[in-house]
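**Student:** Following is a predicted model, sequence given first.
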Amino acid sequence: MKTHSSPMGLVERMRRSVWTLPLAVLAGLALFGINEAAYESSTQALVLLGERGQARAQIQLLWRALVDAETGQRGYLISGQPEHLRSYQQAVSTARASLEWLSRYYAGSPKAEAVFAAMADHGLGKLSELSTTLELHASGRNEAWRELMLTDIGREKMDGLRSAAQQLLDIETERVAEERADIFSTLHLGRHGINAMMALSLVALLLFLRRTLAFERTQDDQAATLQAQRDALEAEASRRTSDLTELARHLQNAREDEKSRLARELHDELGALLTAAKLDAARLKRAIGTIAPDVELRLQHLNESINRGIEQKRRIIEELRPSSLSNLGLTAALEILAREFASRSEAQLTTRLEAVALDESAQITAYRLVQEALTNAHKHAAATHISVTLEASDPMPGASGGRGSAHVVVHDDGCGFDPARRRGTSHGLMGMRYRVEAEGGRMELHSSPGGGTRVEAWLPRLARETVAADEAVV
């Protein structure tokens with residue numbers, strides 16, 4: 001049986017252990033101070049180590065750049081190919097950048113600065129010798145540049161540069177050894193200090209835990225109350241989610257119904273008007289008989305405009321409510337959609353469509369999903385190859401048992417994107433996800449920058465036999 005401490009007993013227990021909190025705070029502050037001091041010292045040493053490493057890299061980069069510059073110069077003088085001259089110019093730029101970086105790095109360090117000054121003098125001298133040789137070659141003084149190359153000036157500069165560079169590397173090695181020793185010393189001191197403070201903290205913690213025992217009973221009661229409230233909130237959230245899902249489905253069905261009504265009216269009213277206009281134009285042409293060329297051109301233009309209007313009317317009707325979906329079924333509708341998409345885009349489109357038994361609402365959802373995915377692949381992904389798959393599948397992922405599902409996949413090799421980042425163009429796919437879920441299905445989106453996009457969905461299918469798969473390349 002659970003017992004509860006009286007308020008007076010709790011106050012008495014807190015009074016007896018009131019000194020434990022200051023002790024814990026003091027131990028924590030001491031531990032914090034030791035840790036921060038060790039961190040600052042180690043961080044500074046690591047930063048310096050990083051600078052030493054970068055300095056060594058710049059020294060070696062300078063040496064390699066001068067060697068590359070000399071190689072490019074010799075290659076250009078011998079072959080006359082501009083590629084060698086570009087290699088020379090790039091190496092000279094790299095060498096000068098390294099000299100500037102090292103000049104800033106060694107400023108304020110008398111010993112290293114003197115060595116660097118000697119190295120910079122040799123490096124600049126080598127660059128001057130290379131530049132002078134190229135200038136003599138450019139001016140046509142072949143004997144002069146050949147004599148300059150045969151002298152020992154370049155070799156002396158490189159030998160001096162090599163000696164100064166080795167001295168700087170030795171200086172950096174000494175600095176690295178000193179800073180490593182400082183890091184080990186700091187770590188050693190921090191280790192003992194932290195161990196001592198941890199022991200003290202454990203003692204303070206054990207004492208402080210005694211104060212928490214009285215609160216645990218209260219927390220149990222509060223946890224039970226909170227759990228009851230959480231269960232009630234979850235039930236309310238589930239109910240409202242179900243209501244919103246049903247509302248979204250109703251609105252979507254109403255939207256599709258309105259599209260169907262508009263498509264019928266456009267087909268009946270506008271189609272009749274355009275057909276009548278075309279017939280009147282044909283009768284007018286026959287009634288006139290022999291007509292002037294400009295009038296004939298105008299009648300021809302009128303007839304073409306009426307044809308374009310009829311084609312535009314047909315396209316709008318198909319976008320509002322594809323007649324092939326109602327008359328021929330989902331498989332044929334997707335095949336026609338893929339063929340029309342391939343005809344107006346440069347992407348190669350492959351389809352693998354299997355007739356799957358779906359109710360009318362699920363069929364239009366699958367059709368709109370493929371339509372939205374193809375539109376995104378064409379407008380945003382710059383895809384060159386797109387595949388569309390419709391096939392019968394086992395129960396959708398995450399479902400336990402039950403009837404099978406229709407698996408819809410649209411995969412493209414476009415630029416892709418990061419699904420974790422919210423984009424302004426993602427509303428269409430977001431709407432399709434909610435629409436698929438409203439049908440009791442599931443949708444997944446897989447994409448990465450440069451890795452293409454794969455949109456796949458599972459929709460519950462009717463309990464009927466499926467027919468053989470049909471493969472086609474558009």
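**Tutor:** Yep, that arrived.
**Student:** check contacts around the residue nearest to the spatial centre of the chain.
**Tutor:** Per C-alpha atoms, centre = their mean, the C-alpha nearest to the average position across the chain is that of residue 418, at 3.5 Å. Taking C-beta atoms under 8 Å, 6 or more residues apart in numbering as the criterion, residue 418 is in contact with 447-449. In short, each C-beta sits where N, CA and C put it, glycine included.
**Student:** Which of the helices or strands spans residue 210?
**Tutor:** Counting by DSSP states H and E, the element that carries residue 210 is helix 153-265.
**Student:** pLDDT of that helix, averaged?
**Tutor:** Taken as a whole, helix 153-265 has an average pLDDT of 78.
**Student:** What's the separation between residue 367 and residue 317?
**Tutor:** As for residue 367, its distance to residue 317 is 15 Å (criterion: C-beta to C-beta, to the nearest Å).
**Student:** Over to residue 154?
**Tutor:** Spatial separation of residue 154 from residue 317 under the definition C-beta to C-beta is 81 Å.
**Student:** Domain parsing of the protein, as residue ranges.
**Tutor:** Each structural domain of the chain that the record assigns through automatic domain parsing is listed here as a residue range: 9-217, 328-473.
**Student:** how far is the longest one from where the chain is centred?
**Tutor:** Relative to the mean C-alpha coordinate of its chain, domain 9-217 is positioned 32 Å out (C-alpha atoms, centre = their mean, to the nearest Å).
**Student:** can you check stretch 237-244 too?
**Tutor:** Per C-alpha atoms, centre = their mean, the displacement of stretch 237-244 from the mean C-alpha position of its chain is 33 Å.
**Student:** do the same with stretch 441-461
**Tutor:** How far stretch 441-461 lies from its chain's middle: 16 Å, per C-alpha atoms, centre = their mean.
**Student:** Okay, strands next: where are they in the stretch 251-400 of the chain?
**Tutor:** In the stretch 251-400 of the chain, strands defined by DSSP state E, counting those that start in this stretch lie at 348-354, 385-393, listed in chain order.
**Student:** mind saving the C-alpha coords of the longest one as PDB?
**Tutor:** Coordinates of each C-alpha in strand 385-393 appear next as PDB, following Å, rounded to 0.1, in the frame of the first residue of the first chain:
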ATOM      1  CA  HIS A 385      14.300   9.600 -68.200                       C
ATOM      2  CA  ILE A 386      11.100   8.900 -66.300                       C
ATOM      3  CA  SER A 387       9.400   5.600 -65.500                       C
ATOM      4  CA  VAL A 388       5.800   5.100 -64.400                       C
ATOM      5  CA  THR A 389       4.700   1.800 -62.800                       C
ATOM      6  CA  LEU A 390       1.300   0.600 -61.700                       C
ATOM      7  CA  GLU A 391       1.200  -2.900 -60.300                       C
ATOM      8  CA  ALA A 392      -0.700  -5.100 -57.800                       C
ATOM      9  CA  SER A 393       1.100  -5.400 -54.500                       C
END
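**Student:** contacts for that strand?
**Tutor:** Under the contact criterion C-beta under 8 Å, 6+ apart, strand 385-393 has outside partners 330-331, 334, 338, 347-354, 356, 366, 370, 374, 377, 404-413, 458, 461, 466, 469.
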